[in-house]
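> Predicted structure and sequence below. I'll ask about it afterward.
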Amino acid sequence: MAKEITSREEDYSQWYLDIVKKANLAQNSAVRGCMVIKPYGFSIWEKMQGQLDKMFKETGHQNAYFPIFIPKSFLSKEAQHVDGFAKECAVVTHHRLMNDPNGEGVVVDPSAKLEEELIVRPTSETIIWNTYRDWINSYRDLPILVNQWCNVVRWEMRTRLFLRTAEFLWQEGHTAHSTQEEAITETKLMQDVYARFAEEYMAVPVLRGFKSENERFAGAVDTFTIEALMQDGKALQAGTSHFLGQNFAKAFDVKFLNENQKEEYVWATSWGVSTRLMGALIMTHSDDEGLVVPPKLASTQVVIIPIPKPNDEINAAVEKIMTELKAKGITVKYDQDKKKRPGFKFAEYEMHGIPVRLGIGKRDLEKGVVEVARRDTKEKSSQPIEGIAGYVEQLLEDIQNNLFQRALDYRTEHSSNADTMEEFQEILENKGGFIYAHWDGTVETEKKIKELTKATIRCIPNDWKEEEGKCILTGKPSNRRVVFAKAY
RNA sequence: CGGGGCAUGGCGCAGUCCGGUUAGCGCACCUGCUUUGGGAGCAGGGGGCCCCAGGUUCGAAUCCUGGUGCCCCGACCA
């Protein structure tokens, strides 16, 4: 075996890194904490982008682009916002290099110091709201529904490929509204878009909820979230949608004249998902053989392998199959590499998570069949070439559904109630997953629980139910359960 | 920011403690032959500023001093 992957059981963290590297998704770069996304990894991200972008546009949004640099003074205009991000900002201080007078290479030219430092955006609320001031005068200018696809930089102390990198790719939507109600509706709408994307396309079931004060976005009034559960029982925040109230409008003095000729501050939302979704995808579906990609996000859905090698007879049969598959909008690749043997190719495409593999050899052609292998269950069967496109089309749908159902079953098995701290800790240590528990609603209690157990409140479900109970830590009264978990 | 580890061909490593001929192994690569239904075998071949700078020495991948970078664990983190 040329490409061993550490098993999940042995070391989940190493398994994840092995998948990322051996499936050619990404690699570490020469820059600390920054990754190179390789062509295959990027092709999956592009599929995600394409679908999300479509969904944003279907809900009335437009794309725009704002600068990568933010004047330092902007960042500090919203007090909570700067508190949240100040410790992880990359700062541009100079604009020119010069030859090193003492030797080789170049040094920063001290005479080229910027009057005001520029921050490499960790998120764009400030520069965007500074711009919105120019765009908004009247209620007739609202709403503004804008999204941008870009990179951002957060100087994290510790990074992990896709899950937390110093630079990452994402989209950030920034909307402006004339009423609070409309902004809240937008916030929830985008949470719903994210949840639908995660479940229908990524086949990743998510909890829809909102954050406790402690976990809220810096500068937000309310943060809505979708939370996914990974195979090791840890939660991953997969997307967030923030209701920002009038905080940024006030900080950047963005007012509009309403229908009654009264001046008001604008209401805001922002929402984002990032390349972290790649991490969620990997850790939800993949196995010890490699990556597993749901058909709707696979850049290649079907691979055809001639056994043992391409020849005229096989090529003719494959060409016919490919035409039929393409006619149904299925992406297919025919691997005609003569140097590699079938066994090698099987392993390789399993590593890359291609959902369906067709194998065609002499034996098959004599019987008018192909060997069909599905990546999710590793099952193989012989199917007639006649009507194969219809069979594959259905199979891709089955795989998509199966992946979602499998992940949902895992989550159901790993969702528990806990009524005491002992119970809570016991579940956390042995089983992991989402733990529904009563909480007294205070930041102090949440922090204390985190200190004791490393678990945090992932969210309060949107559809929380009234239930009398006692806080697992303090015993104070509580009227609902909230969701705890250890998180990435 | 604390703790640990690593730096030697494209990748993964050995060699370093105890300095000594041409720096070695596996994978990958190139050529040829035989193979080919689950990661082929044999034969031949190419490829190294041994992280950087300085020092010790007849001689440094190896010893000394000072740097740099990366990875992992923890703290931290929408």
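Done, it's in.

> Residue numbers of the stretch 1-150 of chain A in contact with RNA strand B?
Within the stretch 1-150 of chain A, the positions adjacent to RNA strand B are A:1-3, A:13, A:17, A:28, A:30-33, A:84, A:87-88, A:122-123 by C-beta under 7 Å from any atom of the strand. The way it works is simple: take the backbone N, C-alpha and C, and place the C-beta from them, glycine included.

> Of all these, the one with the weakest confidence?
In terms of pLDDT, the lowest of these is residue A:1, showing 36.

> Ends of stretch A:326-338, what's the gap?
24 Å (C-alpha to C-alpha, to the nearest Å).

> Residue A:7 contacts residue A:18, doesn't it?
No. Counting by C-beta atoms under 8 Å, residue A:7 does not reach residue A:18; the two are 9.5 Å apart.

> Tell me which of those two has more neighbours.
Applying other C-beta atoms under 10 Å to residue A:7 and residue A:18 shows that residue A:18 carries more neighbours, namely 19 against 13.

> so what's the more buried one closest to, chain neighbours aside?
Spatially, and ignoring its direct neighbours in sequence, residue A:18 is nearest to residue A:5 (4.4 Å; C-beta to C-beta, 6 or more residues apart in numbering).

> So what's the residue count around that neighbour?
With other C-beta under 10 Å as criterion, residue A:5 counts 23.

> Am I right that it sits in a helix?
No. Residue A:5 is assigned coil when assessed by DSSP: H, G, I helix; E, B strand; the rest coil, not a helix.

> Roughly how far does it sit from residue A:404?
From residue A:5 across to residue A:404, the span is 24 Å (C-beta to C-beta, to the nearest Å).

> Please name the residues that touch the residue nearest to residue A:18.
By C-beta atoms under 8 Å, 6 or more residues apart in numbering, residue A:5 lies in contact with A:15, A:18, A:19, A:22, A:288, A:289, A:290, A:351.

> To which secondary structure element is the residue most central in space within chain A assigned?
Centroid-nearest residue in chain A: residue A:277, 1.9 Å away (criterion: C-alpha atoms, centre = their mean). Using DSSP states H and E, residue A:277 falls within helix A:276-285.

> RNA strand B contacts on the stretch 201-350 of chain A?
So the stretch 201-350 of chain A meets RNA strand B at A:211, A:215-218, A:223, A:237, A:240, A:272, A:274, A:289, A:307-309, A:339, A:341-344, A:346-348, A:350 (C-beta under 7 Å from any atom of the strand).

> I'd like the distance between the closest residue to residue A:376 other than its chain neighbours and RNA strand B.
Leaving aside its chain neighbours, residue A:376 sits nearest to residue A:399 (5.0 Å; criterion: C-beta to C-beta, 6+ apart). To RNA strand B, residue A:399 is 15 Å away according to C-beta to the nearest atom of the strand, to the nearest Å.

> repeat for residue A:76
Relative to RNA strand B, residue A:76 is positioned 16 Å away (C-beta to the nearest atom of the strand).

> Looks like that residue contacts residue A:85 (just checking).
No. Taking C-beta under 8 Å as the definition, residue A:76 is not a contact partner of residue A:85, at 10.2 Å.

> could I get stretch A:250-270 in CSV with only the CA atoms?
Taking Å, rounded to 0.1, in the frame of the first residue of the first chain, the C-alpha atoms of stretch A:250-270 are listed here in CSV:
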residue,chain,number,x,y,z
LYS,A,250,-24.5,54.0,14.9
ALA,A,251,-20.7,53.4,14.8
PHE,A,252,-20.5,54.6,11.2
ASP,A,253,-23.4,57.1,11.3
VAL,A,254,-25.6,55.5,8.7
LYS,A,255,-29.0,57.0,8.8
PHE,A,256,-32.0,57.2,6.5
LEU,A,257,-35.1,59.3,6.2
ASN,A,258,-38.2,57.2,6.7
GLU,A,259,-41.6,57.6,5.1
ASN,A,260,-42.6,59.9,7.9
GLN,A,261,-39.6,62.1,7.2
LYS,A,262,-37.9,61.1,10.4
GLU,A,263,-34.3,60.2,10.5
GLU,A,264,-33.4,56.7,11.8
TYR,A,265,-30.4,54.4,12.0
VAL,A,266,-30.2,51.5,9.6
TRP,A,267,-30.7,47.9,10.8
ALA,A,268,-28.0,45.4,9.8
THR,A,269,-27.2,41.7,9.3
SER,A,270,-24.1,39.8,8.3
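
> Pull out the buried positions in that stretch.
By 16 or more other C-beta atoms under 10 Å, the buried positions in stretch A:250-270 come out as A:251, A:252, A:254, A:255, A:256, A:265, A:266, A:267, A:268, A:269, A:270.

> now, which of these lie within helices?
The members of those that map onto helices under DSSP state H are residue A:251.

> For residue A:230, state which of the buried residues of stretch A:250-270 is nearest.
residue A:270 (25.6 Å; C-beta to C-beta).

> contacting residues for that closest one?
Taking C-beta under 8 Å, 6+ apart as the test, what residue A:270 contacts is A:123, A:125, A:172, A:173, A:174, A:175, A:217, A:220, A:241, A:242, A:244.

> Give the bridge partners for it, please.
Beta-bridge pairing for residue A:270 (DSSP bridges): residue A:174, residue A:242.

> What separation is there between it and residue A:47?
Distance, residue A:270 to residue A:47, using C-beta to C-beta: 24 Å.

> likewise residue A:235?
Distance, residue A:235 to residue A:47, using C-beta to C-beta: 24 Å.

> Also residue A:128?
Distance from residue A:128 to residue A:47, counting by C-beta to C-beta: 27 Å.

> Which of these two has more residues huddled nearby?
A direct count of neighbours by other C-beta under 10 Å for residue A:128 and residue A:47 places residue A:128 higher, at 26 against 19.

> same for the one helix or strand the more buried one maps to, what does it pack against?
Following DSSP H and E, one finds residue A:128 within helix A:125-135. Here helix A:125-135 touches helix A:72-75, strand A:144-153, strand A:167-177, helix A:247-251, strand A:267-274, going by 3 or more C-beta pairs under 8 Å, 6 or more residues apart in numbering; DSSP states H and E.

> So which bits of that helix are buried?
A:125, A:126, A:127, A:128, A:129, A:130, A:131, A:132.

> Once you drop chain neighbours, what's closest to residue A:86?
Counting by C-beta to C-beta, 6+ apart, residue A:75 is the residue found nearest to residue A:86 once chain neighbours are left out, at 7.4 Å.

> From residue A:255, how far out is the one you found?
As judged by C-beta to C-beta, residue A:75 and residue A:255 stand 21 Å apart.

> ok, now residue A:29?
Separation of residue A:29 from residue A:255 (C-beta to C-beta): 44 Å.

> next one: residue A:42
According to C-beta to C-beta, residue A:42 and residue A:255 sit 42 Å apart.

> Quick one: the helices in chain A, in order.
Using DSSP H, helices in chain A cover A:12-22, A:39-58, A:72-75, A:79-85, A:125-135, A:180-196, A:247-251, A:276-285, A:312-327, A:342-352, A:362-367, A:388-413, A:421-430, A:443-453.

> Show me what from the stretch 351-488 of chain A comes close to RNA strand B.
Residues of the stretch 351-488 of chain A that fall close to RNA strand B, judged by C-beta under 7 Å from any atom of the strand: A:351, A:359, A:360, A:361, A:362, A:363, A:364, A:371, A:373, A:378, A:380, A:454.

> The third one against residue A:304, yeah?
I take that to be residue A:360. Yes. Between residue A:360 and residue A:304 there is a contact under C-beta under 8 Å: 6.7 Å.

> Give the residues shared as contacts by these two.
residue A:318.

> picking that back up, any idea which of the contacts of residue A:5 is the one closest to residue A:153?
Residue A:153 lies nearest to residue A:19 out of these, by C-beta to C-beta, at 25.4 Å.
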